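Novice: predicted model follows, preceded by the sequence.
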Amino acid sequence: MILDPDFPHIIWSFTYRGWRLEVDQSEDNGQVLYAVWAIHEKGCAVAVPCALTQSDAIKRAKRYVDARLSNAWINLEGNLEGDIEGDR
């Protein structure tokens, strides 16, 4: 049993290029920390596990989304580029 669980504290969320970005704020030993969840129709991921400022967290989360959208060999349907449905 976890004695002191750390539940997400979403302080701000917005849509960026079709992805929902949720900024989480927590505190560890007096230091305020930020994380960002990236959510799209096929699932979600922690785009930024730890940042010291909210602006850095948001900037890195936008870069995460940009990288996912510009990476040609991955698409949101979960297929590799050129992979034919049913060949797996």
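Specialist: Good, I have the coordinates.
Novice: so where's this structure shaky on pLDDT?
Specialist: The model of the chain has pLDDT under 70 over residues 1-2, 72-88.
Novice: can you give me the helices in it?
Specialist: Along the chain, counting by DSSP state H, helices occupy 54-70.
Novice: strands of that one, start to end?
Specialist: Counting by DSSP state E, one finds strands in the chain at the ranges 10-16, 19-28, 31-40, 43-51.
Novice: to residue 67, which of those lies closest?
Specialist: Proximity to residue 67 (CB to CB) singles out strand 43-51 among the strands of the chain, at 9.6 Å. C-beta coordinates here come from the backbone N, C-alpha and C atoms, glycine included.
Novice: in its sheet, what does the closest one sit against?
Specialist: Here strand 43-51 is paired, per DSSP bridges, with strand 31-40 (antiparallel).
Novice: show me what counts as buried in the partner strand.
Specialist: Using 16 or more other CB atoms under 10 Å as the test for burial, strand 31-40 gives 33, 34, 35, 36, 37, 38.
Novice: so how far is residue 29 from the residue lying closest to residue 38 once chain neighbours are set aside?
Specialist: Excluding its sequence neighbours, the residue lying closest to residue 38 (CB to CB, 6 or more residues apart in numbering) is residue 47, at 3.9 Å. Applying CB to CB, to the nearest Å, the value for residue 47 to residue 29 is 24 Å.
Novice: returning to that earlier point: need the contact list for the residue nearest to residue 38.
Specialist: Residue 47 sits next to 21, 36, 37, 38, 60, 61, 64, 65 when contact means CB atoms under 8 Å, 6 or more residues apart in numbering.
Novice: if we can go back for a sec, tell me the one of the buried residues of strand 31-40 nearest residue 55?
Specialist: For those, the residue nearest residue 55 by CB to CB is residue 34; the value is 9.2 Å.
Novice: show me the contacts for the closest residue to the closest one other than its chain neighbours.
Specialist: Leaving aside its sequence neighbours, residue 34 sits nearest to residue 57 (CB to CB, 6+ apart; 3.9 Å). By CB under 8 Å, 6+ apart, the contact set of residue 57 is 23, 34, 35, 36, 48, 51.
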